[in-house]
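> Give the three-dimensional model of this entry:
(chains A and B)
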Amino acid sequence: MWEEALTVAGIGLVNVFLVLAILALAVYGVGFCLRLVQREK
Amino acid sequence: MAATLMEFIGRMGLVDLTWGQVVMWVIGLVLVYLGIFKKVEPLLLVPIGFSIFVVNFPRADLMAPGHLFDLFYSFGIKTELIPPLIFLGLGAMTDFGPVIANPKTLLLGAAAQVGVYIAFFGALLLGFTIPEAASIGIIGGADGPTTIYLTSNLAPHLLGVTAIAAYSYMALVPIIQPPIMKALTTKKERAMVMRQLRPVSKIEKIIFPLFTCIVIILILPEAAPLLAMFMLGNLFMECGVVDRLAETARTALMDIVTIFLGIGVGGTMSAETFLRPQSIFVFLLGILAFAACTATGVLIAKLMNVFSKEKVNPLIGAAGVSAVPMAARVAHRVGAEANPQTYLLMHAMGPNVAGVIGTLCAAASFLALLK
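Numbering: from 1, shown residues only, chains lettered A, B, ... in the order given. Next comes the predicted model:
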């Protein structure tokens, strides 16, 4: 049981950080591009 | 006539009343009291408490299959309909501006979820099964609908107790969090003033829900029901052309589903299912989960400061639990106590709304691996 629990917790925690880190990068990227476009205008 | 009278008396509920049911009345009425007189999450605790009270009348059979309260439970919670509808309303109330202005705070929303896994292992040590432990751990995220959604999927027999623990601890944020925040930070750290957030354009706010769906649902499809509704509600609010829908989602619809949710959750709490040592363990583990989430949020904010050029006040890490906006207000208040010039409310709203997404991702991960 403990092996399964460790797997569930490990994958889950990595997943949470990974998803939110990718989202953070995406938000940075989109924000940066939009501001660039606005400056060009 | 005597026989009819005896039969009538024999049919009275009073004949079958048990001590357990009386204890459940007391528990239900205490929740109603807390809601009405102490203003502890009244919108939830009043219907839940009253529902607990009335389902514990012998022979009333409100929760018997096909009967009134069972319909609320079966069609609202078992079918997973109500939590996503609540998320629709929450989305229509949530301003993601602070997250968009400072995306780093999304990591603080993730950081606070470490506590979920600490409580998960605590529950396993106390003899709970893995699905039960997941349902208990998620209480630490302080997100009622997510807790209900996950528990109804993984451990429906714990639904009542986990839901009440989640909502009670959400209401106790101003009491539970400050001592932990103060213990883990110095006065100098708490007094740190953060730079004002940049203004966020309307187009960024419209793109955010769409982008969030793409990123999260592609990686974690199990998050789709809650996340899609959350982001739809947010899109209603931010796009500015469907104000009526946004207004309905955050007011009338939210109120209706809250009533159904309260009745359905309270209805699951019969004396036989609730009066067990397991329930006390769930409450104890719930507070451990909540405290651990607060602590890990603060500690990881401090860790981020080691590597980051632009420092954050570590108090905002505690707002990574999802109790919106209470946790952000608490971070602001504790910061202002250390330095009246410190204005953390908007900064703390970033991790706070990120915490909702983080808890949702933690729940979706559990579902992906355990369902």
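
> got the residues of chain A near chain B?
Proximity of chain A to chain B (Cβ under 8 Å from any Cβ of the partner chain) is limited to residues A:1-2, A:4-5, A:7-9, A:11-13, A:15-28, A:30-31, A:34, A:38. Glycine gets a C-beta too; all of them are placed from N, C-alpha and C.

> From residue B:297, how far off is the residue lying closest to residue B:291 once chain neighbours are set aside?
Nearest residue to residue B:291, sequence neighbours excluded (Cβ to Cβ, 6 or more residues apart in numbering or on different chains): residue B:180, at 5.8 Å. Applying Cβ to Cβ, to the nearest Å, the value for residue B:180 to residue B:297 is 10 Å.

> quick one: common contacting residues for those two?
residue B:318 (Cβ atoms under 8 Å, 6 or more residues apart in numbering or on different chains).

> re the thing from before, so of the residues of chain A next to chain B, which ones are in helices?
A:2, A:4-5, A:7-9, A:11-13, A:15-28, A:30-31, A:34, A:38 (DSSP state H).

> Residue B:180 and residue B:297 - which one has more neighbours?
More neighbours surround residue B:297 than the other of residue B:180 and residue B:297, with 34 against 18 (other Cβ atoms under 10 Å in any protein chain shown).

> wouldn't that one be in contact with residue B:111 here?
Yes: counting by Cβ atoms under 8 Å, residue B:111 is a contact partner of residue B:297 at 5.2 Å.

> Can you pull the residues that touch both of these two?
B:317, B:320.

> Enumerate the residues of chain B near chain A.
Near chain A, when you scan chain B using Cβ under 8 Å from any Cβ, you find B:99-100, B:103-104, B:106-107, B:109-110, B:113-114, B:117, B:120-121, B:124, B:130, B:133-134, B:200-201, B:203-204, B:207-208, B:211-212, B:215-216, B:219-220, B:354, B:357-358, B:361-362, B:365-366, B:369-370.

> just the buried members of these?
B:99-100, B:103-104, B:106-107, B:109-110, B:113-114, B:117, B:120, B:124, B:130, B:133-134, B:200, B:204, B:207-208, B:211-212, B:215-216, B:219-220, B:354, B:357-358, B:361-362, B:365-366, B:369-370 (16 or more other Cβ atoms under 10 Å in any protein chain shown).

> State the pLDDT value of the residue positioned nearest the centre of chain B.
Centroid-nearest residue in chain B: residue B:143, 1.8 Å away (criterion: Cα atoms, centre = their mean). The model reports residue B:143 with a pLDDT of 85.

> Can you tell me how far it is from chain A?
For residue B:143, the distance to chain A equals 13 Å [Cβ to the nearest Cβ, to the nearest Å].

> and residue 3, how many residues sit next to it?
Since you didn't name a chain, this refers to chain A. 7.

> actually it's chain B I care about, not the one you picked
Neighbour tally, residue B:3, other Cβ under 10 Å: 7.

> That one and residue B:9, how far apart?
Taking Cβ to Cβ, one finds residue B:3 at 11 Å from residue B:9.

> same thing with residue B:315?
Where residue B:9 is concerned, residue B:315 sits at a distance of 63 Å (Cβ to Cβ).

> Who has more neighbours out of these two?
More crowded of residue B:315 and residue B:9, by other Cβ under 10 Å: residue B:315, with 32 against 10.

> what sits against the more buried one?
B:181, B:185, B:189, B:190, B:298, B:301, B:331, B:334, B:335, B:344, B:348.

> Kindly reformat those as TSV containing secondary structure, pLDDT and neighbour count.
Formatted as TSV, the contacts of residue B:315 follow (DSSP: H, G, I helix; E, B strand; the rest coil; pLDDT from 0 to 100; neighbours: other Cβ atoms under 10 Å in any protein chain shown):
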residue	secondary structure	pLDDT	neighbour count
B:181	helix	95	23
B:185	coil	95	24
B:189	helix	93	18
B:190	helix	94	21
B:298	helix	95	29
B:301	helix	94	30
B:331	helix	94	33
B:334	helix	95	23
B:335	helix	94	29
B:344	coil	93	26
B:348	helix	94	32
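
> show me what contacts residue B:52?
B:24, B:25, B:27, B:28, B:31, B:160, B:266, B:267, B:269.

> What pLDDT is listed against residue B:240?
So, for residue B:240, pLDDT stands at 92.

> same thing with residue B:267?
Residue B:267 is given a pLDDT of 90.

> Run a quick neighbour tally on it.
26.

> Residue B:196 too?
10.

> likewise residue B:165?
Neighbour number of residue B:165 under other Cβ under 10 Å is 24.

> Angles on the backbone of it, please.
The phi/psi pair for residue B:165 (degrees, to the nearest 10) reads phi -60, psi -50.

> go on, residue B:112?
According to degrees, to the nearest 10, residue B:112 has phi -70, psi -10.

> got a list of what the nearest residue to it once chain neighbours are set aside touches?
Nearest residue to residue B:112, sequence neighbours excluded (Cβ to Cβ, 6+ apart): residue B:320, at 2.8 Å. Contact analysis of residue B:320 by Cβ under 8 Å, 6+ apart lists B:108-113, B:293, B:297, B:327, B:351-352, B:354-355, B:358.

> Pick the one among those residues closest to residue B:260.
Closest approach to residue B:260 among the contacts of residue B:320 (Cβ to Cβ): residue B:355, at 25.5 Å.

> Quick one, grab the pLDDT at that closest one.
Confidence score, pLDDT, at residue B:355: 93.

> Which helix or strand contains it?
Using DSSP states H and E, residue B:355 falls within helix B:345-370.

> what number of residues lie near residue B:337?
Neighbours around residue B:337, by other Cβ under 10 Å: 14.

> Show me where the stretch 1-150 of chain B has its helices.
Taking DSSP state H, counting those that start in this stretch as the criterion, the stretch 1-150 of chain B carries its helices at B:2-10, B:19-37, B:42-55, B:68-71, B:82-91, B:97-101, B:105-111, B:114-125, B:130-137, B:144-154.
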